[in-house]
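Novice: Fold the stuff below for me.
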Amino acid sequence: MTKFTALMTGAALTGATLALVPLAAAAERGADGDLRILYWQAASTMNPYLSGIAKEVEAASLVLEPLARFDENGALVAWLVDEIPTLENGGVSEDLESITWVLRDGLTWSDGSPVTADDAVFTWKYCTDPDGGCAALSQFGGVADVIAKDARTIEVIFSEPKPYPYTAFVSSEAPILQAAQFADCLGTRASQCTEANTKPIGTGPYVVDDFRPNDVITFSMNPNFRFDDKPAFANVTIKGGGDTTSAARAVLQTGEVDYAWNLQLAPDVLAGLKEGGPGEVITNYGSAVEFLYLNQTNPAPDLGDARATQDGGAHPFLSDPAVGQALSLAIDRGLIAELLYGDAGQIGCNVVPAPALYVSSANDSCAVQDLDAARALLDGAGWTDTDGDGIRDKDGVKLSILYQTSTNAVRQDTQSLIKDWWSQIGIETELRNIEASVFFGGDPGSPDTRQKFFADVQMYTDNSKGQDPEAFLSNWTCANIPSPQTQWQGNNIQRFCSEEYDALSVVLRRAGTLEERGRIAREMNDMLVQSYTIVPLVHRGIASGKAKSLAGVRMNSWDSQIWNIMDWYRGP
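Specialist: Below you'll find the model as predicted:
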């Protein structure tokens, strides 16, 4: 068969070359002073393995780095290695059952100690510990062992042939941890290692000076960074909190910050803010989709520790696919995209909206709102209004939904539109919004995180890293369901569980041609969408703001937005 890694070689090597060429020669290292960044969703940890959400993963990317990552076009680029392993250069075995990475010569941690293959072995053990609740578990799917062949050589051995071997230790979601620092943080202790989780020792251009959860992080240059002429900025501050409007104003109008992340604003609001000021809007279309997640477990408070877990039983009405399908049919996605996203939004009907190879056409009918069909579907499933109060019910269960999301004007407007449409088909909806730093936080003690999902429906954006969706689609295998046993980590947020889907996930790992991978990924996408446990709404172009004087920025929605911060500098 045609081996997928061979097909990817050209793109991988081209990307590696591009990543190492700065856009302009920077002045003396640190000469550009302070860089001010605003993430209106504040980070609560610097350990991406305990979060998996952008606000933490991206903040951590200044410090913790993977072997390879993805550029602004989704191409694979070498990072802590000199080249991407392929079949041609012997880095990928002929039987596709292993990949061998060779670390850069002389690579050190910020404390001056050498980075070794043993650190990668430890990182694999850290994430795959069954009691650790690693948010990046799907990145290590199919990995049977990781071996330190020598101080610089890492061999990743797969349990079966793996034609796309670029998941473990790849992207900002799966960086290398220093074994010495995290040695006592395995399993249930993972979330208890405060010093390591907030001030990790890394290989990136910066080190953490001060970390204030859900507030501000200050960084200074890594004294042992591998490039003598980078970074241009001596210090970085990532301020968290606020809202999208104040963030946009700070970068586009007042110039208080140099970079503001994810300006999810209605197009008319954004247009009014970006005229004539010191900042500009930058946009990148990747695979980001705004989703509704429909809880498949029961979130009733009286279930105690079994609340929103499989032990608590199925959801009283969202486990009925007819209800989920009716909820989807009632939504006018075109109106949401036009009114609330403008040029940065398109109708979303798939879990995987890009690249084209993986995009299914089987769900295109979602583009048309059909309230009558939604009503007929509920009638046929026995959900009728038996007591005349305007709310459908069945066997004593009412279609009454608690619908939550993060605090954000666009999301609250989306909630209001959807609530109205659902009321028109006989469904009652209570709206709730939660401060973004809490909702997207990883605190296992908080009742308000997306992972806990103590509601019926919730809404936010997610996307795959890089152009191959294998790891992303693996998020919805049964093993990735959050629970108390996983410290509430895991990316199968709606608690979807299907043996058939799990089996397809294994088949995708084995698929060796682009045609096969596209076909299987589309089938998995369709299973998810047509399960009506996850409802795509809008395929988003991610917009952020930067100072016009800030140069070297390569907006990236396939990896960390600030992935190449070592190449940023102050222009004229």
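Novice: From now on I want contacts and neighbour counts done on CA atoms only, so please keep to that.
Specialist: Fine.
Novice: got any ranges where the stretch 1-150 of the chain has weak pLDDT?
Specialist: Scanning the stretch 1-150 of the chain for pLDDT under 70 picks out 1-27.
Novice: now the strands: where do they sit in the stretch 101-250 of the chain?
Specialist: Along the stretch 101-250 of the chain, counting by DSSP state E, counting those that start in this stretch, strands occupy 143-148, 153-158, 206-212, 216-221, 235-240.
Novice: so what secondary structure elements neighbour the second one?
Specialist: Using 3 or more C-alpha pairs under 8 Å, 6 or more residues apart in numbering; DSSP states H and E as the contact criterion, the secondary-structure elements in contact with strand 153-158 are strand 98-102, helix 117-128, strand 143-148.
Novice: Which one of those lies nearest to Val281?
Specialist: Across the helices and strands packed on strand 153-158, Val281 has its closest neighbour in helix 117-128 (36.4 Å, C-alpha to C-alpha).
Novice: Quick one: list the elements packing against the closest one.
Specialist: With contacts taken as 3+ C-alpha pairs under 8 Å, 6+ apart, helix 117-128 sits against strand 143-148, strand 153-158, helix 179-182.
Novice: so of the ones you listed, which one's packed in deepest?
Specialist: Of all these, strand 153-158 has the most neighbours on average by mean count of other C-alpha atoms under 10 Å, namely a mean of 21.
Novice: Lys62 belongs to a strand?
Specialist: Quick fix: residue 62 reads Leu, not Lys. No: per DSSP: H, G, I helix; E, B strand; the rest coil, Leu62 lies outside any strand segment and is coil.
Novice: you'd agree it is up against Ile201?
Specialist: No: counting by C-alpha atoms under 8 Å, Leu62 does not reach Ile201; the two are 11.0 Å apart.
Novice: what about the two, which has more around it?
Specialist: Neighbour count, other C-alpha atoms under 10 Å: between Leu62 and Ile201, Leu62 has more, with 27 against 24.
Novice: quick one, what contacts the more buried one?
Specialist: 204-207, 562-563, 565 (C-alpha atoms under 8 Å, 6 or more residues apart in numbering).
Novice: Quick check on those residues: which are buried?
Specialist: Using 16 or more other C-alpha atoms under 10 Å as the burial test, the contacts of Leu62 include 204-207, 562-563, 565 as buried.
Novice: Of these, just say which sits nearest to Thr477.
Specialist: Trp563 (28.3 Å).
Novice: What count of nearby residues applies to Glu515?
Specialist: Neighbourhood size, Glu515 [other C-alpha under 10 Å]: 12.
Novice: start at 501 instead
Specialist: Okay, using 501 as the starting number, the last item reads as Glu1015.
Novice: Please give the element, helix or strand, for it.
Specialist: Assigned by DSSP states H and E, Glu1015 belongs to helix 1014-1031.
Novice: before we move on, back to that, mind putting the buried ones among the contacts of Leu562 in JSON lines, pLDDT and distance to Asp802 included?
Specialist: Listed next are the buried ones among the contacts of Leu562 as JSON lines, based on pLDDT from 0 to 100; distance: C-alpha to C-alpha, whole Å:
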{"residue": "Gly704", "pLDDT": "98", "distance to Asp802": "46"}
{"residue": "Pro705", "pLDDT": "98", "distance to Asp802": "48"}
{"residue": "Tyr706", "pLDDT": "98", "distance to Asp802": "46"}
{"residue": "Val707", "pLDDT": "98", "distance to Asp802": "45"}
{"residue": "Ile1062", "pLDDT": "95", "distance to Asp802": "43"}
{"residue": "Trp1063", "pLDDT": "96", "distance to Asp802": "44"}
{"residue": "Ile1065", "pLDDT": "98", "distance to Asp802": "48"}
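Novice: I figured Arg950 hits Ser937, correct?
Specialist: No: between Arg950 and Ser937 there is no contact under C-alpha under 8 Å: 10.8 Å.
Novice: Neighbour count: these two, which is higher?
Specialist: The neighbour comparison of Arg950 against Ser937 (other C-alpha under 10 Å) goes to Arg950, with 29 against 25.
Novice: How much space separates Asp582 from Ile701?
Specialist: Distance, Asp582 to Ile701, by C-alpha to C-alpha, to the nearest Å: 22 Å.
Novice: Next up, phi/psi of the nearest residue to Ile891 once chain neighbours are set aside, please.
Specialist: Distances taken as C-alpha to C-alpha, 6 or more residues apart in numbering place Gly926 nearest to Ile891, at 4.8 Å, with adjacent residues excluded. Backbone torsions of Gly926, given as degrees, to the nearest 10, read phi 90, psi 30.
Novice: so how far is Gly702 from Gly926?
Specialist: Gly926 is 53 Å from Gly702, by C-alpha to C-alpha.
Novice: So these two - more neighbours on which side?
Specialist: Neighbours were counted for Gly926 and for Gly702 using other C-alpha under 10 Å; Gly702 has more, 27 against 22.
Novice: measure Arg1017 to Ala1011 for me?
Specialist: Arg1017 is 6 Å from Ala1011, by C-alpha to C-alpha.
Novice: Over to Ala844?
Specialist: For Ala844 relative to Ala1011 (C-alpha to C-alpha), the value is 33 Å.
Novice: for Phe940, same thing?
Specialist: When distance is defined by C-alpha to C-alpha, Phe940 is 33 Å away from Ala1011.
Novice: So for those two, which sits in the more crowded spot?
Specialist: Ranked by neighbour count (other C-alpha under 10 Å), Phe940 and Ala1011 place Phe940 first, with 26 against 22.
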